[in-house]
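S.K.: Predicted coordinates and the sequence they were generated for:
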Number of protein chains: 2
Amino acid sequence: MERKKIAIIGVGLMGGSLALRLHEKKLSSKLIGVEANIENAKAAIELELIDEILPIDKAIETSDVIVLAIPVDAAVALLPNLLNKIDQQIVFDLGSTKSQLTDVVKNHPKRGRYVATHPMWGTEYSGPAAAVASAYQNKAAVICNAGDSDEDALQWVKGMYQKIGMRILEMEAHAHDLHAAYISHISHITSFALANTVLEKEKEEDAIFELASAGFESTVRLAKSNPTMWVPIFLQNKENVLDVLNEHIEQLTKFKIAIQSDRADKINTLIDNANKIKKIIK
Amino acid sequence: MERKKIAIIGVGLMGGSLALRLHEKKLSSKLIGVEANIENAKAAIELELIDEILPIDKAIETSDVIVLAIPVDAAVALLPNLLNKIDQQIVFDLGSTKSQLTDVVKNHPKRGRYVATHPMWGTEYSGPAAAVASAYQNKAAVICNAGDSDEDALQWVKGMYQKIGMRILEMEAHAHDLHAAYISHISHITSFALANTVLEKEKEEDAIFELASAGFESTVRLAKSNPTMWVPIFLQNKENVLDVLNEHIEQLTKFKIAIQSDRADKINTLIDNANKIKKIIK
């Protein structure tokens, strides 16, 4: 693939990690960062994630490809204006919700230049210092409403994701948001709520520190995730998130009732059913 | 430390992994397995976890130290009989609940030979094939009601845990069961319930397989755990488990209400609070 000048709007965990991968795979001739947070902008330069920081208009003008790597509420606000300003550049985003973003530019004259994507990768950390060169590999990159994108833009984005080690899945935006609620968003709510539960019940912080096993650390890991990223995801995907959250509360209530009534057989059945996840994950 | 003849009752994940560590650290002159499941007994020999399999009475007679590495309901049933049969051997167990087990032998004439322990290590797998030589390291080993154990038995067990890389914590059994419910048992229920939620909502198993990210895998990992081990833990620790489970359902309900009413500020506060776990874990 021909190297391109790539502007990344938001040089945090997601954007910064992508910058490292784009460079590593020789996909960029220049990496430009757009970053509102001055500390993060400085760090992104110092960590050599990008070549330079530019104001957004200058960055758009200078680039062949523009990546939106900002929280999903900021992306919904910015994308239409961004499409107003571009010529033939390719624009794609990395957000965890896709319906509102695709809706807001549905009838935009430059809609074709935009590719709606969600690479299923992340960590519980945030900011440019959390960027890792091993990011994105061996995970799925979902492309939504691919038919609304121009063929050249779509092909470049697909080729880029494949080159950084991802497998491509195509899906309609509303189907994506449903699956994302079931598989990704609920895990985060569970983990945040688990952390709050333990912090509420376990008044001895030393006990948490001393007794925490690998099991606890693994279920509570996502609770370190950043509210700036996650609050707008839950709100944009409200209906699906509430639907799966209700089911989750119901499933916990089944455990509660079975334990309350000393029904070993029922607890056993619940765990047996949960064990089916083994066949699907690893 | 002088090498000892050690019998391990139950050569699965926990007992098998301990066998590997005892050998590695030159703590055993002989490793004897007692295993009711014939397949597991055969596997434990083939995997060279132990030197030989013996019937329980023969194993007790031949050993200096006896380890109980069976589910907590089986341990409560077996421990009094085991203490009836021993002379000066040291007995300890690895179970995740400690109140019922210490209660059941409280007034036993051989109580002093028994050390109640809970090494805070495990994986979501089970059986001898899941045993790993890297087990138990850098985690806490809790010793309960240490004052009820004979000094020589207590010192040997402590020395052994330190030698295999664990730090020792002493605690009363009821305090242990409370902390274990908060920090370990609730994580398992959360993970089982999350797996059941996703399996219930996501009818397309392919979607789970394709879209699963590291975040989902980490929160759902414990859902692969074995019901034979976990059902009796939840029932033996019923009051504490229900207490923390009620809190967990309440915490999830807070997310539900905040999302339902589009309260970004409230969701933000909930996540900010959950983020405090960062200061405690790593």
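M.R.: Done, it's in.
S.K.: Could you export the lowest-mean-pLDDT helix or strand in chain A as CSV, CA atoms only?
M.R.: When each helix and strand of chain A is scored by mean pLDDT, DSSP states H and E, helix A:205-211 comes last, with a mean of 87. Provided in CSV are the C-alpha atoms of helix A:205-211 (Å, rounded to 0.1, in the frame of the first residue of the first chain):
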residue,chain,number,x,y,z
GLU,A,205,-8.6,-1.4,51.5
ASP,A,206,-5.6,-3.4,52.8
ALA,A,207,-7.7,-6.5,52.6
ILE,A,208,-8.5,-5.9,49.0
PHE,A,209,-4.8,-5.3,48.2
GLU,A,210,-3.6,-8.3,50.2
LEU,A,211,-6.2,-10.8,49.2
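S.K.: other SSEs contacting that helix?
M.R.: Here helix A:205-211 touches strand B:140-144, strand B:167-171, helix B:173-180, helix B:277-280, going by 3 or more C-beta pairs under 8 Å, 6 or more residues apart in numbering or on different chains; DSSP states H and E. The way it works is simple: take the backbone N, C-alpha and C, and place the C-beta from them, glycine included.
S.K.: any idea how far the first one is from the chain center?
M.R.: The gap between where strand B:140-144 is centred and where its chain is centred comes out at 11 Å by C-alpha atoms, centre = their mean, to the nearest Å.
S.K.: again, but for the last one
M.R.: Relative to the mean C-alpha coordinate of its chain, helix B:277-280 is positioned 23 Å out (C-alpha atoms, centre = their mean).
S.K.: Which strands or helices does the helix or strand following the least confident helix or strand of chain A pack on?
M.R.: Once the chain leaves helix A:205-211, the next helix or strand it forms, by DSSP states H and E, is helix A:214-220. Taking 3+ C-beta pairs under 8 Å, 6+ apart as contact, the helices and strands that helix A:214-220 lies on are helix A:186-201, helix B:186-201, helix B:214-220.
S.K.: The helix or strand just after helix A:214-220 close to chain B?
M.R.: The helix or strand immediately downstream of helix A:214-220 is helix A:227-236, counting by DSSP H and E. Yes. Applying C-beta under 8 Å from any C-beta of the partner chain, one finds helix A:227-236 touching chain B at A:227, A:230-232, A:234-235.
S.K.: and these, which are buried?
M.R.: A:227, A:230-232, A:234-235 (16 or more other C-beta atoms under 10 Å in any protein chain shown).
S.K.: How about stretch A:25-41, which residues are buried there?
M.R.: Buried, per 16+ other C-beta under 10 Å, within stretch A:25-41: A:27-28, A:31-35, A:40-41.
S.K.: Likewise for stretch A:196-215?
M.R.: So, applying 16+ other C-beta under 10 Å, buried residues of stretch A:196-215: A:196-199, A:201-202, A:207-208, A:210-215.
S.K.: With stretch A:86-102 instead?
M.R.: Within stretch A:86-102, the residues scored as buried using 16+ other C-beta under 10 Å are A:86, A:89-102.
S.K.: With respect to chain B, which of these is nearest?
M.R.: Set against chain B, the nearest of those by C-beta to the nearest C-beta is A:Ser96 (10.0 Å).
S.K.: and that closest one, helix, strand or coil?
M.R.: coil (DSSP: H, G, I helix; E, B strand; the rest coil).
S.K.: ok, back up a step: closest to B:Pro80 out of the helices and strands packed on helix A:205-211?
M.R.: helix B:173-180 (16.0 Å; C-beta to C-beta).
S.K.: For the closest one, give the mean pLDDT please.
M.R.: Mean per-residue pLDDT for helix B:173-180: 96.
S.K.: what's the angle from that helix to strand B:140-144?
M.R.: For helix B:173-180 against strand B:140-144, the angle by axes from the mean of the first three to the mean of the last three C-alpha atoms, to 10 degrees is 150 degrees.
S.K.: Output helix B:173-180 as PDB, nothing but the C-alphas.
M.R.: Below are the C-alpha coordinates for helix B:173-180, written out as PDB (Å, rounded to 0.1, in the frame of the first residue of the first chain):
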ATOM      1  CA  ALA B 173     -12.200 -17.900  60.000                       C
ATOM      2  CA  HIS B 174     -15.300 -15.700  60.000                       C
ATOM      3  CA  ALA B 175     -13.300 -12.600  59.000                       C
ATOM      4  CA  HIS B 176     -11.700 -14.700  56.200                       C
ATOM      5  CA  ASP B 177     -15.100 -15.800  54.900                       C
ATOM      6  CA  LEU B 178     -16.400 -12.200  54.900                       C
ATOM      7  CA  HIS B 179     -13.300 -10.900  52.900                       C
ATOM      8  CA  ALA B 180     -13.400 -14.000  50.600                       C
END
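S.K.: All good on my end, thank you.
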